[in-house]
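Novice: My questions concern the predicted model and sequence given below.
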Amino acid sequence: MSDQKYQLKKHSNYGYLFVDPTPSQQEIESFYKNEFYSTQRPNFNDSQLAVQQKDHEFYNFWREFIVSVIEENSQRKINSFNCFDIGCGWGETLRFLKQKGAKTFGVDPAPEAVEYCQELGINALNSDFSSLNPFDKKFDFVILQNVLEHLSSPDTVIDNIVSQALEDDGYLIIDVPNEFNAFQQAGQQTHNLDQWWVCPPAHLNYFSASSLESLLTQKGFTIIDKIASFPLEMFLLFGDKYVGDEKTGSECHQKRMAFERNLVNFGQKEALLSFYRSLAEQNLGRQTLVIAKKDRA
């Protein structure tokens with residue numbers, strides 16, 4: 001960890017790691033205002049929008065996967081759902097769902113991202129998450145994509161989603177980085193790197209598939225599906241030092257996309273998904289995606 005004023009601790013109930021002490025609200029707000037959402041230089045959100053638009057086929061594969069799991073489990077078509085994306089960013093997921101006929105709602109701290117969503121016809125509002133659900137209605141499913149790792153109290157947010165935002169038998173979709181996995185740590189040691197993924201005040205929490213499942217089951221959810229993404233850290237173990245190297249990182253990303261595309265194009269989609277589900281069981285893979293269903297009270 002580059003900033004020595006923070007330590008990592010393990011949550012006694014759920015098992016995920018969190019930074020201690022928690023950065024002050026002023027530190028967090030300053031970071032997002034001056035760095036994460038800065039308009040003075042290329043930033044994460046601008047690049048994310050460009051990348052998702054450029055690689056829309058890759059990202060839509062995962063959006064289609066989420067839709068198929070929910071439709072199969074609920075025996076309903078997605079066009080009958082009200083969808084709420086907390087931290088919706090530039091609205092690419094909500095745009096995908098809207099095109100399928102779903103009613104879409106989102107909140108995000110970035111005014112420029114919300115304005116962009118509104119231009120797409122998405123019902124989006126600017127929110128710092130102090131008011132989790134400004135729409136004052138319940139939703140059939142709630143999405144948190146790369147959000148939970150940023151929040152100072154993930155378990156409280158899940159409680160608030162259950163009480164304020166989610167219908168009975170509603171679905172919760174959470175996608176988080178899968179940190180401190182075996183491939184990642186071996187890759188770090190192979191190249192004598194710092195723990196680059198530990199980066200407060202941006203990331204305050206560090207999940208695995210197991211700790212995310214533990215959090216959700218203890219909060220009254222049944223896990224419908226748990227799946228990993230491609231274990232990108234394998235490239236470090238192959239000798240491709242992509243950390244801090246944009247060119248090598250881009251090449252590794254292209255290879256990862258080709259791996260999935262070729263399997264899907266040649267009729268091996270189910271084998272791919274089975275492989276990724278197996279990785280999740282071993283707490284491997286770059287990301288962890290969990291689809292969970294709220295248990296009736």
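Specialist: Received the coordinates, thanks.

Novice: and residue 231, how many residues sit next to it?
Specialist: By other CB atoms under 10 Å, 22 other residues sit near residue 231. The way it works is simple: take the backbone N, C-alpha and C, and place the C-beta from them, glycine included.

Novice: I figured it was touching residue 183, is that so?
Specialist: Yes: Residue 231 is in contact with residue 183 according to CB atoms under 8 Å; the separation is 5.2 Å.

Novice: so what's in contact with those two at the same time?
Specialist: residue 284 (CB atoms under 8 Å, 6 or more residues apart in numbering).

Novice: For this protein, just list every one of the strands.
Specialist: Listed in chain order, the strands of the chain (DSSP state E) span 7-10, 17-20, 82-86, 103-108, 123-126, 139-145, 166-177, 205-206, 221-228, 287-294.

Novice: can those strands go into CSV with extra columns for mean neighbour count and mean pLDDT?
Specialist: Below are these laid out as CSV (neighbours: other CB atoms under 10 Å; pLDDT from 0 to 100):
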stretch, mean neighbour count, mean pLDDT
strand 7-10, 13, 95
strand 17-20, 18, 95
strand 82-86, 24, 97
strand 103-108, 24, 96
strand 123-126, 18, 94
strand 139-145, 23, 97
strand 166-177, 20, 97
strand 205-206, 24, 98
strand 221-228, 19, 98
strand 287-294, 23, 98
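
Novice: Which one of those lies nearest to residue 266?
Specialist: Of all those, it is strand 221-228 that lies closest to residue 266, at 20.5 Å by CB to CB.

Novice: Run through who's touching the closest one.
Specialist: Outside strand 221-228, the residues touching it (CB under 8 Å, 6+ apart) are 65, 69-70, 73, 171-172, 178, 209, 213, 216-217, 273, 276-277, 279-281, 284-295.

Novice: So what's the residue count around the residue lying closest to residue 235 once chain neighbours are set aside?
Specialist: Spatially, and ignoring its direct neighbours in sequence, residue 235 is nearest to residue 252 (4.5 Å; CB to CB, 6 or more residues apart in numbering). Neighbourhood size, residue 252 [other CB under 10 Å]: 21.

Novice: my guess is residue 252 contacts residue 243, does it?
Specialist: No: between residue 252 and residue 243 there is no contact under CB under 8 Å: 10.3 Å.

Novice: Please report the distance of residue 254 from residue 56.
Specialist: From residue 254 across to residue 56, the span is 15 Å (CB to CB, to the nearest Å).

Novice: now do residue 282
Specialist: Counting by CB to CB, the gap from residue 282 to residue 56 is 30 Å.

Novice: now swap in residue 293 and tell me
Specialist: To residue 56, residue 293 is 28 Å away according to CB to CB.

Novice: Residue 273: neighbour count?
Specialist: Other residues close to residue 273 by other CB under 10 Å number 17.

Novice: contacting residues for it?
Specialist: 65, 227.

Novice: Can you check the pLDDT for residue 212?
Specialist: For residue 212, the pLDDT comes out at 98.

Novice: now do residue 36
Specialist: With respect to pLDDT, residue 36 has a value of 64.

Novice: same question, residue 5
Specialist: So residue 5 comes in at 79 (pLDDT).

Novice: and the gap between it and residue 286?
Specialist: 28 Å.

Novice: Please say which of the two ends up with more neighbours.
Specialist: Neighbour totals were compared for residue 5 and residue 286, and residue 286 leads with 19 against 9 (other CB under 10 Å).
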